[in-house]
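Enquirer: no sequence on this one, just coordinates:
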């Protein structure tokens, strides 16, 4: 097995074609984050993107894009923007982690959105999570039937009731799955920034970062069958009441940054937005909407399945990630303790 480290600028047509072949070997790779276009866009905004190419007998069997944060640490390409992480590999590849880290010129690689079935990474996980999905196979009505059988039979009826109430009170509802409006995109970003600042603090507003805004702009401009940005909007009369920005790759849509106008919260515009996205996306041939990691109530209500994820780290020597795992579990115990709850209240009061 041979390793070759390249920059994103060295990614040529032959390697991109092989990347596509490797993606076709597993449905988990249908996710937009595993597209070479996503890596290229991230590399346009950040100069620390590297790609580890794994070869066996002269054939490329693995491609692993990442950020070289330092000579010690690396993370998956996209950093905290990446809802799916890890290498794109041939199904038969038995990747030796220590050798890979050496070739990446780092000692420590952390992950928090790694598919549990991808390689050996689950062996190094500290905790597990899920990325909930809407299975649109067979169209929206087939999804609705599955949802009724698995979850809340009245959910979509409630959404339809709120649609009628909104329309009657504020004007006709208009939904667009793929909007090209600069004004609507700016409103969505402004709304998300306000949400971040209100709920988690200004320091967690990711859109304050230049490279994040550049990535959003370039993804929005992308419009190819294997990778495209998607801006979806919901209007009541002349007022934008909800919007979403995400990505599509083939038949998979990733639900990324939803927002709704809080003045209309009484009528659940966010739930209407997701329902309309599902209905219209199914009409375009999309068979899955991935809601991303987390157990927020709206995800649990709409999901008909889930992809299993894990969080942890790999290192060389292995004791480095073992020590970090110990710190992680100690921190989780503190959070769950009465002291942790008290400290959390103090922090919220001080904010």
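Expert: Cool, the structure landed. These figures come from a predicted structure and were not determined experimentally. Numbering: from 1, shown residues only.
Enquirer: going forward, measure contacts and count neighbours with C-alpha atoms only.
Expert: Noted.
Enquirer: give me every residue that touches residue 319.
Expert: Under the criterion of CA atoms under 8 Å, 6 or more residues apart in numbering, residue 319 has no neighbours.
Enquirer: neighbours around residue 73, how many?
Expert: Residues near residue 73, counting by other CA atoms under 10 Å, number 17.
Enquirer: quick one: contacts for it?
Expert: 106, 107, 108, 109, 110.
Enquirer: Name whatever forms a beta bridge with it.
Expert: Counting by DSSP bridges, residue 73 forms beta bridges with residue 108.
Enquirer: Could you report the distance from it to residue 83?
Expert: The spacing between residue 73 and residue 83, counted by CA to CA, to the nearest Å, is 19 Å.
Enquirer: what number of residues lie near the closest residue to residue 238 other than its chain neighbours?
Expert: Computed as CA to CA, 6 or more residues apart in numbering, the closest residue to residue 238 that is not its neighbour in sequence is residue 171, at 7.7 Å. Applying other CA under 10 Å, we find 15 residues neighbouring residue 171.
Enquirer: so where do the strands sit in the stretch 201-350 of the chain?
Expert: 223-224, 227-236, 239-249, 252-260, 288-293, 305-315 (DSSP state E, counting those that start in this stretch).
Enquirer: To residue 128, which of the ones you listed lies closest?
Expert: strand 305-315 (4.2 Å; CA to CA).
Enquirer: Show me what that closest one is packed up against.
Expert: Using 3 or more CA pairs under 8 Å, 6 or more residues apart in numbering; DSSP states H and E as the contact test, the elements touching strand 305-315 are helix 97-104, strand 108-115, strand 125-135, helix 319-336.
Enquirer: average pLDDT across it?
Expert: Taken as a whole, strand 305-315 carries a mean pLDDT of 95.
Enquirer: what's the answer for stretch 210-223, then?
Expert: Rounded mean pLDDT across stretch 210-223 is 98.
Enquirer: In the sheet, which residues pair with residue 63? Tell me.
Expert: With DSSP bridges as the rule, residue 63 is bridged to residue 53, residue 88.
Enquirer: Tell me the spacing between it and residue 328.
Expert: 29 Å.
Enquirer: So for those two, which residue has more residues nearby?
Expert: residue 63 (27 against 15).
Enquirer: List the contacts of the more buried one.
Expert: Taking CA under 8 Å, 6+ apart, one finds 19, 51, 52, 53, 54, 87, 88, 89 in contact with residue 63.
Enquirer: got it, and residue 256?
Expert: 244, 245, 246, 247, 291, 292.
Enquirer: Next: residue 23.
Expert: Residue 23 neighbours (CA under 8 Å, 6+ apart): 29, 30, 34, 88, 89.
Enquirer: The last one: what's its closest spatial neighbour, skipping adjacent residues?
Expert: Read that as residue 89. residue 62 (4.1 Å).
Enquirer: how close does that neighbour sit to residue 52?
Expert: Distance from residue 62 to residue 52, by CA to CA: 8 Å.
Enquirer: what residues are up against residue 8?
Expert: 39, 40, 43, 49, 50, 51 are the contacts of residue 8 under CA under 8 Å, 6+ apart.
Enquirer: Return the distance of it relative to residue 38.
Expert: 11 Å.
Enquirer: List just the one of the strands of the stretch 201-350 of the chain that sits closest to residue 207.
Expert: strand 252-260 (11.4 Å).
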